[in-house]
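Q: whatever this is, show me its structure:
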Amino acid sequence: MFTIKTIPFGKTTEIKLINIHTGEYVAILPDFGCAINSLILKKGDKLFDLIEGSESYDHLLLNGLSEYKGSFLFPFPNRLKGGKYSFDGKNYEFENNDSDGKPNALHGILNDCKFNMVRFEDFYTKAEIDFSYTSSGIDSQYPFLYQVIIRYTLDVNNGLSIQTFVTNKGNVSMPVGLGWHPYFKTSGKIDEMMIHFPNSEHIELDNFGIPTMKITPSKLFKLTDSVNDTLLDDSFRVVENIPISEIFLFDSDNNVKVSIWQENGKNKFNFFQTYIPPHRKTIAIEPMTCAPDSFNNGLGLIKLSANEKFDCSWGIKLI
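A: Residues are numbered from 1 along each chain as shown. Just a heads-up that it's a prediction; the model follows:
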């Protein structure tokens, strides 16, 4: 029922995991951090294009990388104040690469690194494809030895799920946070859709996108409300004591509901960021294991001991 295709994509390749019976597929860019470049899922007899990616290699270089379209974010998602952090008595510094001159490091270092496909398995009603990246340990910004495996699962009944495995391969502890940066769409403008958030707390951010450490119960989209002209570039912490939390996007014109779910619990996706770009044709809903600047404020920071590993999952399905 499933197959994989490797397709030329400019100077690189795009790998598609395809359900040949339904036409559903996920397209991945392994040479660019295993980014999700496209996702097609089916409801009824209609296929929906759910992820905004890069139409071509040139478009990827021009806009896709700077906008982190579909990117995997590691070893931290979101922002790191001044690019600086301390861990176990040592000081480190990432390059400041935030937009509009903000003095931050943004979204980690793996979004333009090459992952290798290491496994494909077809279980008839679902298929899995694994990609692997192993660090050299010589990067002064983050000089730790680790392996990341990303598993994409395309399921007949449950859409796409993405499981990330992180293993500390070194002999010292390492700080870890991770996230994803998909831009969602169905049709038309996001303003015309409705949205529902899980029970969560709002993390106040300063003008540079760094938490002020003021955290309050969120009332935003606690009920299912229209997006309208709401401005979003906000961070949240999930407070529901359940294994899985969900954000729902409702497209009434097409009678479709998109569920973006994420695992909650220890070393799981207990945070999320939302952002609507100025063109308002898409919305970024970003599952994260930690808050912005977690290497400094500790909100959700994972401290992985030598030889320790963890995994966390999130996914997308149509209802």
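
Q: from now on I want contacts and neighbour counts done on CA atoms only, so please keep to that.
A: Will do.

Q: strands along the stretch 101-250 of the chain, start to end?
A: Secondary structure of the stretch 101-250 of the chain (DSSP state E, counting those that start in this stretch): strands at 104-106, 116-122, 126-134, 146-155, 159-168, 174-176, 179-181, 183-184, 194-196, 200-205, 211-217, 225-226, 233-238, 244-251.

Q: out of those strands, which is the most enclosed?
A: strand 179-181 (a mean of 26; mean count of other Cα atoms under 10 Å).

Q: what lies in contact with that one?
A: Here strand 179-181 makes contact (Cα atoms under 8 Å, 6 or more residues apart in numbering) with 68-74, 76-77, 269, 284-289.

Q: coming back round to it: would you format the strands of the stretch 101-250 of the chain as JSON lines with mean pLDDT and distance to Thr22 included?
A: Putting the strands of the stretch 101-250 of the chain into JSON lines (pLDDT from 0 to 100; distance: least, Cα to Cα, whole Å) gives the following:
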{"stretch": "strand 104-106", "mean pLDDT": "97", "distance to Thr22": "38"}
{"stretch": "strand 116-122", "mean pLDDT": "98", "distance to Thr22": "15"}
{"stretch": "strand 126-134", "mean pLDDT": "98", "distance to Thr22": "12"}
{"stretch": "strand 146-155", "mean pLDDT": "98", "distance to Thr22": "11"}
{"stretch": "strand 159-168", "mean pLDDT": "98", "distance to Thr22": "12"}
{"stretch": "strand 174-176", "mean pLDDT": "98", "distance to Thr22": "38"}
{"stretch": "strand 179-181", "mean pLDDT": "98", "distance to Thr22": "26"}
{"stretch": "strand 183-184", "mean pLDDT": "97", "distance to Thr22": "21"}
{"stretch": "strand 194-196", "mean pLDDT": "95", "distance to Thr22": "27"}
{"stretch": "strand 200-205", "mean pLDDT": "98", "distance to Thr22": "36"}
{"stretch": "strand 211-217", "mean pLDDT": "97", "distance to Thr22": "42"}
{"stretch": "strand 225-226", "mean pLDDT": "90", "distance to Thr22": "31"}
{"stretch": "strand 233-238", "mean pLDDT": "97", "distance to Thr22": "34"}
{"stretch": "strand 244-251", "mean pLDDT": "96", "distance to Thr22": "21"}
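
Q: got these as TSV, with distance to Ala27 columns?
A: TSV is the format used below for the strands of the stretch 101-250 of the chain (distance: least, Cα to Cα, whole Å):
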stretch	distance to Ala27
strand 104-106	24
strand 116-122	13
strand 126-134	11
strand 146-155	10
strand 159-168	11
strand 174-176	26
strand 179-181	15
strand 183-184	14
strand 194-196	26
strand 200-205	31
strand 211-217	34
strand 225-226	30
strand 233-238	27
strand 244-251	22
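
Q: tell me which of those strands sits nearest to Glu52.
A: strand 183-184 (5.5 Å; Cα to Cα).

Q: packing partners of that closest one?
A: strand 283-288 (3 or more Cα pairs under 8 Å, 6 or more residues apart in numbering; DSSP states H and E).

Q: I'd like the next helix or strand past the strand it packs on.
A: helix 294-297 (DSSP states H and E).

Q: mind listing what the nearest residue to Leu106 once chain neighbours are set aside touches?
A: Spatial nearest neighbour of Leu106, excluding adjacent residues (Cα to Cα, 6 or more residues apart in numbering): Arg79 at 4.7 Å. Counting by Cα under 8 Å, 6+ apart, Arg79 touches Asp98, Asn104, Ala105, Leu106, His107, Gly209, Ile210, Pro292, Asp293.
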